[in-house]
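Novice: give me coordinates for this.
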Amino acid sequence: MFVKGQEYKRQELHYKYGGQVQGGISTPRGQPFILLFTSEQGEQFGYKDGWSSNGAFFYTGEGQEGDMELVRGNKAIVTHADTGKDLHLFQQTRKGYVRYVGQMVCKGYHWRQGADVRGKQRQIVVFELSPAES
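Specialist: The predicted structure is shown next:
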């Protein structure tokens, strides 16, 4: 379906599969997968994603204001195995384009403190993802 390392135009992914065009978590209706998008630009909004020393990819949940909750896209990540949905991670390479990182599995999550878009401190959920092939 997706080729590891290949670059895709994000708009074309949504045209073909559906799902939310904005934000990092896209849950296309009627598809057996969830699309996750990460970008270094998200750091200015409190989203800090990246690989840990133990090989997990820490992926920040959705929600720009107030405490994050395990609802909508965040809930979809936590329950993806129970609902039979695969997680596919993409990294933004340039404006409008993403590179396919690979299929991931959510191994758990933790909470951290951080600021929301208004600078108010809040609880942020961070998902611990591992490559599906590991």
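
Novice: low pLDDT regions in this structure?
Specialist: Within the chain, the segments meeting pLDDT under 70 span 44-45.

Novice: quick one: the helices in it?
Specialist: Counting by DSSP state H, one finds helices in the chain at the ranges 10-17, 72-78, 80-83.

Novice: indicate which one of those is closest to Gly66.
Specialist: helix 72-78 (13.1 Å; Cβ to Cβ). Yep, even glycine has a C-beta here, placed from its N, CA and C like the rest.

Novice: can you give the contact residues for the closest one?
Specialist: Under the criterion Cβ atoms under 8 Å, 6 or more residues apart in numbering, residues 20, 23-27, 34, 36, 59, 61-63, 68, 70, 83, 85, 87, 106, 109, 125, 127 lie in contact with helix 72-78.

Novice: now the helices of the chain as TSV including mean neighbour count?
Specialist: Below are the helices of the chain laid out as TSV (neighbours: other Cβ atoms under 10 Å):
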stretch	mean neighbour count
helix 10-17	14
helix 72-78	19
helix 80-83	12
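
Novice: closest to Gln91 out of those helices?
Specialist: Closest to Gln91 of the helices of the chain is helix 10-17 (Cβ to Cβ; 11.2 Å).
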